[in-house]
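In: Could you look at this predicted model? Sequence included:
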Amino acid sequence: MLTIATWNVNSIKQREAACAQWLRREAPAVLCLQELKCQAEGFPRGVFEDLGYNCAVVGQKSFNGVAILSKFPIDEAITALPGDASDEQARYVEAVISLPGGKAIRVASIYAPNGNPAPSPKLDYKLAWLARLKAHTETLLTYEEPLVLAGDYNIIPRPIDVYDPANWVEDALFRLESRQAFRRIMNLGLTDAVMACDSRGGQYTFWDYQAGAWQKNLGLRIDHILLSPQALDRLASAQIDRKPRSWDKPSDHTPVLVGLNF
DNA sequence: ATGGTAGCTGGGCTA
């Protein structure tokens, strides 16, 4: 079984110990990280290398930042989402990971823009970014290979993926334009792994730090693992691991995992 | 209507 996971850690420097603890416990083959909030030079690479992981890191001072950690060799890293050479935000890293037996899987760690306040230029940027992700995904799907697009999409796909949908209709995470942009990507032929294994609502990946959202279970499902048809063929399990959200000094997001038959 | 929290950074932005 090959486990691939994603976790928005909201500062890797703040979450270094929690991240290492979780890796020791779950031992995924691949972990996609988002919101590193540091430059690549500041990434605590040694901590993860000591645990047996190779690291592909795209950093940025203060904000954003994504990485892929892999127990298997990382090849062909792509460090920016194609389609706008002037975009300097560190929100995308993609790698081909070589598996034993001559197999391979392509993985991307994705941190889509938040888009609030909406409407605003920030929402425009979010929608343009998602359009670029759609265009790039179209290219990737032509390869007809196992592909995993994992990360914080900042999209609530369905009303049952948020505790109170009526209060979120104007929010950039749930606005119609945002959901449409996400659905256009899904409609290329991707499958949401968590939904494929359990389509009930009320399974959240994010709880705001404010107003006791965690204690009251007022959450959102905005972190997703999307699979190409060839990856879906190998899907064995998908879960949201709520435990790290209950730890001291947590990220506001918690990890999502899939098990693939490899 | 406001503020409630966290992180980075040294005031205000981002989420």
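Out: Alright, I've got the coordinates.
In: now stretch A:49-66, how far from the centre of its chain.
Out: 14 Å (C-alpha atoms, centre = their mean, to the nearest Å).
In: now swap in stretch A:1-11 and tell me
Out: Computed by C-alpha atoms, centre = their mean, the chain-centroid distance of stretch A:1-11 equals 7 Å.
In: Same question for stretch A:11-24.
Out: Averaging C-alpha positions (C-alpha atoms, centre = their mean) puts stretch A:11-24 16 Å from its chain's average.
In: before we move on, what about stretch A:72-88?
Out: Relative to its chain's centre, stretch A:72-88 lies at 15 Å (C-alpha atoms, centre = their mean).
In: Check stretch A:216-233 too.
Out: On C-alpha atoms, centre = their mean, the centre of stretch A:216-233 falls 8 Å from that of its chain.
In: Identify each buried residue in it, please.
Out: For stretch A:216-233, a neighbour-count test (16 or more other C-beta atoms under 10 Å) marks A:218-228, A:231-232 as buried. The way it works is simple: take the backbone N, C-alpha and C, and place the C-beta from them, glycine included.
In: what does stretch A:88-99 give?
Out: Of the residues in stretch A:88-99, A:89-99 count as buried by neighbour count, 16+ other C-beta under 10 Å.
In: any chance of the buried residues of stretch A:216-233 in a markdown table, with secondary structure and pLDDT too?
Out: A markdown table is the format used below for the buried residues of stretch A:216-233 (DSSP: H, G, I helix; E, B strand; the rest coil; pLDDT from 0 to 100):
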| residue | secondary structure | pLDDT |
| --- | --- | --- |
| A:L218 | coil | 98 |
| A:G219 | strand | 98 |
| A:L220 | strand | 98 |
| A:R221 | coil | 98 |
| A:I222 | coil | 98 |
| A:D223 | strand | 98 |
| A:H224 | strand | 98 |
| A:I225 | strand | 99 |
| A:L226 | strand | 99 |
| A:L227 | strand | 99 |
| A:S228 | coil | 99 |
| A:A231 | helix | 98 |
| A:L232 | helix | 98 |
